[in-house]
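*Asks:* coords please:
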Amino acid sequence: MINITLKDGVAKEYQAPITPIEIAKDLSAGLAKVACAAKVNGELRDLRFPIESDANVSILTFEDAEGKKAFWHTSAHVLAQAVQHLYPEAKLTIGPAVDNGFYYDIDVEKPFVAEDLEKIEAEMKKIVKEGEALERFELSGDEAKELMKDNPYKVELIEEHAGKGEKLSFFRQGDFTDLCAGPHLMNTSPIKAIKLTQCTGAYWRGDANNRMLCRVYGISFPKASMLEEHLKMLEEAKKRDHRKLGKELELFDIFEEGPGFPVFLPKGMALRNTLEGYWRELHRKAGYLEIRTPLILNEELWHRSGHWDHYKDNMYTTVIDGEDYAVKPMNCPGGMLVYKSKPRSYRDLPLRMGELGIVHRHELSGALHGLMRVRCFTQDDAHIFMTEDMIKDEIKGVAALIDEVYSMFGFKYHVELSTMPEDHMGSLEQWEQATSALENALKELGRDYVINEGDGAFYGPKIDFHLEDCLGRTWQCGTIQLDYQMPERFDLEYTGADGEKHRPIMIHRVLFGSIERFIGILTEHFAGAFPMWLAPVQVKVIPVSEKHMDYAKGVYQKLFDAGLRVELDERNEKIGYKIREAQLEKVPYMLIVGDKEVEAGNVSVRSRSDGDKGVSTLEDFLCAIKVEIDSKAQ
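*Replies:* This is a model prediction of the structure:
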């Protein structure tokens with residue numbers, strides 16, 4: 001007999017071996033019906049996984065993020081099976097679950113079009129209705145190659161694993177078999193609603209030297225109502241797309257002369273400068289000193305920091321005076337140089353240095369996406385140098401700062417603790433010490449968090465903050481990374497109270513993550529209707545006709561002198577047209593001036609959100625909006 005401890009802490013005895021699906025059936029028929037996968041001793045497992053000794057077991061459903069992944073992974077297999085039925089000559093490659101659904105990369109002579117996707121989707125629905133069971137089995141390398149001999153892509157994957165002497169895992173559903181580690185649903189019938197959303201090009205294994213494949217994206221749900229809700233969200237997301245709004249509101253553009261290198265237009269710069277001004281004031285109050293480090297530093301520095309070995313494929317390089325240099329992909333090595341610029345004492349610590357530093361990273365052209373994925377962006381970095389006993393308080397201080405920022409914008413968020421990756425620097429002991437320090441700080445803060453195994457930075461574990469926008473989409477922005485490695489590699493020191501030299505420990509952290517990306521997120525979150533304090537144009541003065549222009553110019557000048565971002569609509573157009581235009585430009589306030597306003601020395605106030613607000617003196621209007629701006633009301 002073995003003891004199985006369930007999610008709620010209840011322990012049950014079972015005859016070994018037992019599978020998660022058998023445990024689910026024992027607990028309730030309803031749970032077994034909706035089970036998607038399982039966690040066994042913290043590791044994601046297929047429902048068919050044999051448990052042979054005492055274990056902690058959680059049954060995962062579609063409500064769990066990893067349960068969704070199993071659901072969508074199974075849906076990807078259904079997609080592949082449908083393609084196999086309709087296009088037998090197609091070569092199937094890989095089909096994983098992703099954050100919002102699934103995709104499958106397929107080698108076809110002619111890329112699929114919308115009509116093809118409709119046919120594939122219809123075939124998928126037929127397969128699902130049959131409710132075929134998924135059967136897992138293993139083969140040796142030679143057996144696997146024989147099974148997949150007609151598919152060079154699968155053979156390539158098999159050869160990579162077979163060389164390590166591994167058994168290869170396969171899943172079979174009806175007439176379709178795929179090389180796959182799982183996990184999967186027990187059968188296809190829980191997939192009640194499917195939608196293939198788009199088809200794009202993707203190079204095999206992301207390498208531009210390889211063949212271009214056809215990538216089909218899809219989404220699926222256990223209920224039709226969930227799909228309807230999702231499609232409505234996608235429709236709303238299209239309206240909020242920051243690339244569309246960025247052009248319409250004249251915030252930014254990206255030209256063919258510089259793919260991935262955004263250009264900020266005057267209104268975009270007004271928004272950006274306001275955001276950066278807020279960042280600077282926030283950091284001044286929190287005791288940070290601002291620095292600026294060079295864009296280009298020599299290659300030796302990047303070897304010393306470890307970035308060259310772990311990041312060189314994403315770096316741009318150049319030669320200056322016969323010496324190799326690199327354009328910085330991260331700000332931290334420059335921060336190390338600033339720390340080393342003079343002797344440091346324990347009295348200087350904690351030393352908090354912030355930088356709005358421009359970095360460049362080479363991203364594949366297919367991955368570029370407006371402001372969300374670019375090749376040049378500004379990280380709102382900070383590096384905190386401290387002693388061992390300061391770690392907890394500094395982490396808590398950064399977490400409080402991130403909470404203040406996200407709460408102010410109205411974002412909910414969740415926290416993940418990312419642990420040591422395979423490709424890492426430093427000893428296991430240092431990593432355990434650093435991970436424990438982050439975990440203890442989170443516990444003291446009383447924050448719920450999930451462990452993200454193996455996703456830490458190469459130099460240290462990290463806490464990631466994933467914010468949720470008004471459509472329920474999540475974005476990873478803020479991060480706190482604890483680093484014992486870089487102070488070692490750069491030989492950083494401080495003189496302790498004992499007069500001896502000691503090694504500081506450091507935190508890398510960002511709040512916004514990338515200024516550009518954060519602006520993209522804010523644009524979509526607010527649908528371009530930015531709150532008053534952030535709006536690129538805060539007030540538009542609109543004269544009813546040409547004869548009111550002189551008075552309108554006086555109103556404009558007073559607002560301008562008061563420090564507001566204001567525009568005057570001098571066009572010879574009808575008043576209704578000018579108001580509609582200002583509304584489309586999402587300007588928070590319009591001041592209408594006509595005969596009555598000129599005569600009384602007032603303005604008619606119109607709000608973007610509330611419409612006509614009535615007549616006001618200019619002084620009263622200025623007082624009211626100053627309160628709105630200073631409070632950063634949303």
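
*Asks:* roughly how far is the helix ranked longest in the chain from the heart of the chain?
*Replies:* Longest among the helix segments of the chain by residue count, using DSSP state H, is helix 65-86. Remark: helix 65-86 is offset 24 Å from the chain centroid, using CA atoms, centre = their mean, to the nearest Å.

*Asks:* contacting residues for Pro222?
*Replies:* Going by CB atoms under 8 Å, 6 or more residues apart in numbering, Pro222 touches 34, 62, 71, 190-193. C-beta coordinates here come from the backbone N, C-alpha and C atoms, glycine included.

*Asks:* Once you drop chain neighbours, what's closest to Ala434?
*Replies:* Leu482 (4.4 Å; CB to CB, 6 or more residues apart in numbering).

*Asks:* Let me know the closest of the contacts of Pro222 to Lys596.
*Replies:* Ala193 (57.5 Å; CB to CB).

*Asks:* What's the local residue count around the nearest residue to the closest one once chain neighbours are set aside?
*Replies:* Counting by CB to CB, 6+ apart, Ala193 lies nearest to Leu227, which is 3.7 Å off, once chain neighbours are set aside. For Leu227, the neighbour count with other CB atoms under 10 Å is 17.

*Asks:* Phe409 now?
*Replies:* For Phe409, the count of nearby residues is 17 (other CB under 10 Å).

*Asks:* what comes up buried for the longest helix of the chain?
*Replies:* The neighbour-count check on helix 65-86 (16 or more other CB atoms under 10 Å) flags 66-85 as buried.

*Asks:* Give me the phi and psi angles of Asn440.
*Replies:* phi -60, psi -40 (degrees, to the nearest 10).

*Asks:* Hmm, Lys392 and it touching each other?
*Replies:* Yes. Assessed by CB atoms under 8 Å, Asn440 is found in contact with Lys392 at 6.4 Å.

*Asks:* Run through the residues that contact Ser140.
*Replies:* For Ser140, the contacting residues are 162, 167-168, by CB under 8 Å, 6+ apart.

*Asks:* of these, buried ones?
*Replies:* Among the contacts of Ser140, those classed as buried by 16+ other CB under 10 Å are 162, 168.

*Asks:* can the contacts of Ser140 go into TSV with extra columns for secondary structure?
*Replies:* Below are these laid out as TSV (DSSP: H, G, I helix; E, B strand; the rest coil):
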residue	secondary structure
Ala162	helix
Lys167	coil
Leu168	strand
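
*Asks:* wait, which of the contacts of Ser140 is closest to Ala11?
*Replies:* Lys167 (32.1 Å).

*Asks:* Could you find the closest non-adjacent residue to the closest one?
*Replies:* Closest to Lys167 by CB to CB, 6+ apart is Glu138, at 4.3 Å.

*Asks:* what helices or strands is the helix or strand hosting that neighbour leaning on?
*Replies:* Glu138 is part of strand 135-139 when elements are defined by DSSP states H and E. For strand 135-139, the elements it packs on are strand 168-173, judged by 3 or more CB pairs under 8 Å, 6 or more residues apart in numbering; DSSP states H and E.

*Asks:* quick one: average confidence on the strand it packs on?
*Replies:* Here strand 168-173 scores 94 as its mean pLDDT.

*Asks:* Export that strand to CSV, keeping only CA atoms.
*Replies:* Output of strand 168-173 as CSV, limited to C-alpha atoms (Å, rounded to 0.1, in the frame of the first residue of the first chain):
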residue,chain,number,x,y,z
LEU,A,168,10.6,7.6,-27.0
SER,A,169,7.0,8.4,-25.9
PHE,A,170,4.1,8.3,-28.4
PHE,A,171,0.4,8.9,-28.2
ARG,A,172,-2.2,7.2,-30.5
GLN,A,173,-5.8,8.3,-31.0
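
*Asks:* What residues sit buried inside it?
*Replies:* Going by 16+ other CB under 10 Å, strand 168-173 has these buried residues: 168-171, 173.

*Asks:* Next: stretch 97-116.
*Replies:* The neighbour-count check on stretch 97-116 (16+ other CB under 10 Å) flags 97, 101-108, 112, 116 as buried.

*Asks:* swap in stretch 591-603?
*Replies:* In stretch 591-603, counting by 16+ other CB under 10 Å, buried: 591-594, 597-598, 602-603.

*Asks:* before we move on, back to that, how deep is the residue nearest to Ala434 tucked in, by neighbour count?
*Replies:* The number of residues near Leu482, taken as other CB under 10 Å, comes to 29.

*Asks:* Contact partners for the nearest residue to His360 once chain neighbours are set aside?
*Replies:* Setting aside the residues directly before and after it, His360 is nearest to Val327 in space (CB to CB, 6+ apart), at 4.6 Å. Contacts for Val327 (CB under 8 Å, 6+ apart) come out as 295-296, 315-318, 360.

*Asks:* Out of the residues you listed, which sit inside helices?
*Replies:* Per DSSP H, the contacts of Val327 never map to helices.

*Asks:* what's the closest of the residues you listed to Ile451?
*Replies:* Met315 (30.1 Å).

*Asks:* I'd say the closest one and Val359 touch.
*Replies:* No. With contact defined as CB under 8 Å, Met315 does not reach Val359; the gap is 10.0 Å.

*Asks:* Need the overlap of contacts for these two.
*Replies:* Joint contacts of Met315 and Val359 (CB under 8 Å, 6+ apart) are Pro329.

*Asks:* Neighbours of Leu467, how many?
*Replies:* What Leu467 shows, counting by other CB under 10 Å, is a neighbour count of 23.

*Asks:* just checking, what packs against the helix or strand it falls within?
*Replies:* Using DSSP H and E, Leu467 maps to strand 462-468. Other helices and strands packing on strand 462-468, by 3+ CB pairs under 8 Å, 6+ apart, are helix 391-408, strand 412-418, helix 428-445, strand 474-483.

*Asks:* and the first one, which residues are buried?
*Replies:* So that's helix 391-408. 391, 394-399, 401-402, 405-406.

*Asks:* List just the nearest of these to Ile507.
*Replies:* Nearest to Ile507 among the buried residues of helix 391-408, counting by CB to CB, is Glu394 at 5.9 Å.

*Asks:* Relative to Tyr316, how far out is the residue nearest to His360?
*Replies:* 4 Å (CB to CB, to the nearest Å).

*Asks:* list residues touching both of those two?
*Replies:* Counting by CB under 8 Å, 6+ apart, the residues touching both Val327 and Tyr316 are His360.

*Asks:* Strands along the stretch 451-600 of the chain, start to end?
*Replies:* Using DSSP state E, counting those that start in this stretch, the strands of the stretch 451-600 of the chain run over residues 462-468, 474-483, 494-495, 501-502, 505-510, 539-543, 566-568, 589-593.

*Asks:* got a list of contacts for the first one?
*Replies:* The reference is to strand 462-468. With CB under 8 Å, 6+ apart as the criterion, strand 462-468 contacts 395, 399, 402, 406, 411-418, 438, 442, 449, 452, 455-456, 474-482, 521.

*Asks:* For PyMOL, what selects the buried ones among those?
*Replies:* Buried residues within the contacts of strand 462-468, by 16+ other CB under 10 Å, are selected in PyMOL with:
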select buried, resi 395+399+402+406+411+413+415+416+417+418+438+442+449+452+456+474+475+477+478+479+480+481+482+521
